[in-house]
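Visitor: Got a predicted model here, sequence first, then my questions.
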Amino acid sequence: MNRRMRRAALLLLLCAALTLSTLAAQLPDVPSIYAAEKTQLGLKERDTVLDQAALVPAGSSASDWLAMTLARAGVPERYGAYLDALRTYVERQYAENGGLDRIRSTEWQRIALTVLALGGDPTQFGTGPDGAPIDLVADGTYGWQGENAPDLQGVNADIFALLTLDAAGCEVPADARYQRSYFEQNLLAAQLPDGGFGLSAGGEIDGDMTAMAIQALAPQQAQYAAQIEAALAALSAAQLPDGTFASWDTPNAESTAQVVLALCCLGIDPETDARFTKNGKTVLDGLAVFLLPEGVFTHAAENQPNLMATEQVMRALTALDRLRAGQSSYFAMADAAVTEPAPRRTVWPWAAGAAVLAAAALAAVLLRKKPKS
């Protein structure tokens, strides 16, 4: 091989190496992660998850988000059973405690989003002690009746109030206790000088909160373009060399997943936006850092399966799939629809009947062969 040919061969190898280095790591699809999660929960491949109340109790944060994500991903599941269990939970909480939580308005907001994703109506979800329909949207946002402000727990309450109002398509009544502007202004007031968001105003930038703030502002991105661009710049600057994002100084799957979800809510493919590629590593490469051999995800460096981390990665990949398929974004739930699995085959009555016939036939044979006394 002459010098020119060797040089050409080396150039081709270099180009191939550069191309491979810019490709995002292979991530499993959502159905594969769902199957792996079932194995982690001790279930068989044919089993469903959402009717397993002992494993995924309706009304708990992890369970509700899992149900929501499976619905948005189009995975066949027992959504009707979960909605029934969730309605029972809500009615019980209202009867026993007067509501879902004394301080955390996000309890209402998360459950309202879950009901929407599963095809229900959160404005009439169960019956309260007074006999009136329970309106989760009003009670958790503009009609909040708590002694303290609805966002006492931090700006995450403002974020989820806006997500809920937009997902439900609710118009806030003119005489409501809290107008939409209340949540918007509180959220924007918490934006830091560098464009990021923390858990509260004046804190340090947090990857999760910054990404979630973008998700809440995304439906009004024309109105808040400057604030969103500043938040994106802050996130880009916070991305680590391996593509991951950190919260509380710890690189983790959840923060990285929230950034993917935020970009998808804006219609940005996280694999192709140069702002979110560091050293040839995209934010999707960052997600792959937390993938375990079992097919589920770890929270951080502990390398232990984590249900919350796995669900949030599933949420991010669902948002990405929907973006690439030209579907509505994850929280735009006007098109919410679910698919139930095929009914389980009830073969036992036939088996029981066959067993009775077999026993009768055997008895007749034995009677014919019984010697006379």
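Guide: Thanks, I have the structure now.
Visitor: Now Val137: which helix or strand?
Guide: Remark: Val137 resides in helix 136-140, with elements defined by DSSP states H and E.
Visitor: quick one: average confidence on that helix?
Guide: Throughout helix 136-140, pLDDT has a mean value of 97.
Visitor: do stretch 309-319 as well
Guide: Here the average pLDDT along stretch 309-319 is 98.
Visitor: Tell me the first helix or strand C-terminal of the helix holding Val137.
Guide: That would be, after helix 136-140 and using DSSP H and E, helix 155-168.
Visitor: next helix or strand past that following helix?
Guide: helix 180-189.
Visitor: Can I get the next helix or strand after that following helix in CSV, CA atoms only?
Guide: Downstream of helix 180-189, the next assigned helix or strand under DSSP H and E is helix 207-217. Coordinates of each C-alpha in helix 207-217 appear next as CSV, following Å, rounded to 0.1, in the frame of the first residue of the first chain:
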residue,chain,number,x,y,z
GLY,A,207,-31.1,20.8,36.8
ASP,A,208,-34.5,19.3,37.6
MET,A,209,-36.2,22.5,38.5
THR,A,210,-34.8,24.4,35.5
ALA,A,211,-36.0,21.6,33.1
MET,A,212,-39.4,21.5,34.8
ALA,A,213,-39.8,25.2,34.6
ILE,A,214,-39.2,25.0,30.8
GLN,A,215,-41.9,22.3,30.6
ALA,A,216,-44.4,24.6,32.3
LEU,A,217,-43.6,27.6,30.1
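Visitor: In the stretch 1-150 of the chain, where is pLDDT below threshold?
Guide: 1-25 (pLDDT under 70).
Visitor: For it, just list every one of the strands.
Guide: Read by DSSP state E, counting those that start in this stretch, the stretch 1-150 of the chain holds no strands at all.
Visitor: Gln239: what's it in contact with?
Guide: Going by Cβ atoms under 8 Å, 6 or more residues apart in numbering, Gln239 touches Phe245, Val259, Phe276, Lys278, Val283, Gly286. The C-beta positions use only the backbone N, C-alpha and C, and glycine is treated the same way.
Visitor: just to revisit the earlier point, now do the helix holding Val137: distance to the chain's middle.
Guide: 20 Å (Cα atoms, centre = their mean, to the nearest Å).
Visitor: now swap in stretch 77-87 and tell me
Guide: 17 Å.
Visitor: ok, now stretch 307-320?
Guide: For stretch 307-320, the distance to the chain centre is 6 Å (Cα atoms, centre = their mean).
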